[in-house]
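**Q** what follows is a predicted structure for the sequence shown.
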Amino acid sequence: MNWQTGDITWQFPRRTLLMGIVNVTPDSFSDGGKFIDADAAAAHALQLADDGAELLDIGGESTRPGAPPVDVAEELRRVIPIDTQNPAVAQAATAAGARVINDIAAHRTNDMMWRVAAQTGAGYIAMHMKGTPQTMQNAPEYEDVVTTVEAFFAERLETMAATGLPAEQVALDPGIGFGKTAGHNLALLARLTRFTRFQRPLMVGASRKSFLGGKVTERLGSSIACACRAVAAGAGIVRVHDVRETAQALRTWEAINGA
């Protein structure tokens, strides 16, 4: 199985692909304001690469519960490489060299973002989210969250293909923490293998999220546990804040399992 991201082709199965997080926002739940300065963000990104990250997720708009939207001009000022739900920002970022569009709003009805990905050849991560960051944690309910997300992936892959975005450019993210309770998140992690039938890379981002409990600064152990569980269940990509520690855990886990 290949994942095409611009001029780079990732072949799966392979050792777990680590995506390091660089938030260039003043209000992200974990490290808001810490890397809003361009020099600080660049230094942090280079450190994550040294620690083992092969992808960097540069986010210019906080997606924590209740976070307000950011206009295009401000998001462009903050980013260019890319974690965005805005097609205009995605277009500018890919022109500047970004190879992946990490889209929390893959449930949209407008097809512009998929056309941008198709036209640029960028990799595209389709994430499941219920509602918007402003509404997603207002008592989310599902009859069966795993079945709902599975049906979402099936429908999205079909819809994206119809707009010209080939499956080879698409990865899937169940959206841990995006319109889900702690129980929903645990169910998704427990039954993650259900999504491997799509034969697309799976990305899981549970790092430091509130369902893990305790203070943000005290969630490293539980974040690593989630990463290991995700990989054991078939995820090929994990999105994390603590790249060095997660890499140590996963490389050891892979060695034990003969990976």
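**A** Structure's in. What do you need? Values in this document were obtained by computation on a predicted structure and should not be read as measured data. Numbers count the residues shown, from 1 in each chain.

**Q** any low-confidence regions in the stretch 151-259 of the chain?
**A** 259 (pLDDT under 70).

**Q** nope, the stretch 1-150 of the chain is what I meant
**A** 25-38, 60-85, 89.

**Q** please enumerate the helices of it.
**A** Remark: helices assigned in the stretch 1-150 of the chain by DSSP state H, counting those that start in this stretch are 38-51, 72-78, 87-95, 112-120, 145-162.

**Q** can you put the ones you listed in TSV and add mean neighbour count and distance to Gly258?
**A** Any C-beta I mention is one placed from the backbone N, CA and C, and that applies to glycine too. Below are the helices of the stretch 1-150 of the chain laid out as TSV (neighbours: other CB atoms under 10 Å; distance: least, CB to CB, whole Å):
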stretch	mean neighbour count	distance to Gly258
helix 38-51	15	24
helix 72-78	16	42
helix 87-95	21	37
helix 112-120	20	35
helix 145-162	17	28
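
**Q** distance to Arg239 for those - can I get that in JSON lines?
**A** Output for the helices of the stretch 1-150 of the chain, formatted as JSON lines (distance: least, CB to CB, whole Å):
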{"stretch": "helix 38-51", "distance to Arg239": "11"}
{"stretch": "helix 72-78", "distance to Arg239": "18"}
{"stretch": "helix 87-95", "distance to Arg239": "17"}
{"stretch": "helix 112-120", "distance to Arg239": "18"}
{"stretch": "helix 145-162", "distance to Arg239": "17"}
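
**Q** quick one, which of those is nearest to Arg229?
**A** helix 145-162 (14.5 Å; CB to CB).

**Q** give me the contact list for the closest one.
**A** Identification of contacts with helix 145-162 by CB atoms under 8 Å, 6 or more residues apart in numbering yields 106-107, 111, 114, 124, 126, 128, 142, 167, 170, 172, 174-175, 180, 184, 187-188, 191, 194-195, 198, 200.

**Q** mind redoing it with 6 Å?
**A** 106, 114, 126, 128, 142, 167, 172, 174, 184, 187, 191, 194, 198 (CB atoms under 6 Å, 6 or more residues apart in numbering).

**Q** buried stuff in stretch 250-259?
**A** For stretch 250-259, burial by neighbour count (16 or more other CB atoms under 10 Å) applies to Leu250, Trp253.

**Q** so Cys226 sits right up against Gly205, yeah?
**A** No - using CB atoms under 6 Å, Cys226 is not in contact with Gly205, being 9.2 Å away.

**Q** which strand residues bridge Gly20?
**A** Leu56, Val240 (DSSP bridges).

**Q** that one contacts Leu56, doesn't it?
**A** Yes - checked against CB under 6 Å, the pair Gly20 and Leu56 is within contact range at 5.3 Å.

**Q** which helices and strands sit right next to the helix or strand containing Leu186?
**A** Element membership for Leu186, per DSSP states H and E: helix 182-190. If you count contacts as 3 or more CB pairs under 6 Å, 6 or more residues apart in numbering; DSSP states H and E, helix 182-190 packs onto helix 145-162.

**Q** send me the helix or strand following the helix it packs on as CSV with only the CA atoms.
**A** Later in the chain than helix 145-162, the nearest helix or strand by DSSP H and E is strand 170-173. The C-alpha trace of strand 170-173 is given here as CSV (Å, rounded to 0.1, in the frame of the first residue of the first chain):
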residue,chain,number,x,y,z
VAL,A,170,-5.5,9.7,1.1
ALA,A,171,-4.9,8.7,4.7
LEU,A,172,-7.6,8.3,7.3
ASP,A,173,-7.9,9.6,10.8
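
**Q** and strand 170-173, what does it pack against?
**A** So strand 170-173, by 3+ CB pairs under 6 Å, 6+ apart, packs with strand 123-127.

**Q** direction included, what does the strand it packs on pair against?
**A** In the sheet, strand 123-127 lines up against strand 100-103 (parallel), strand 170-173 (parallel) (DSSP bridges).

**Q** roughly how far is the first one from the heart of the chain?
**A** This points to strand 100-103. Put simply, strand 100-103 sits 8 Å off its chain's centre (CA atoms, centre = their mean, to the nearest Å).
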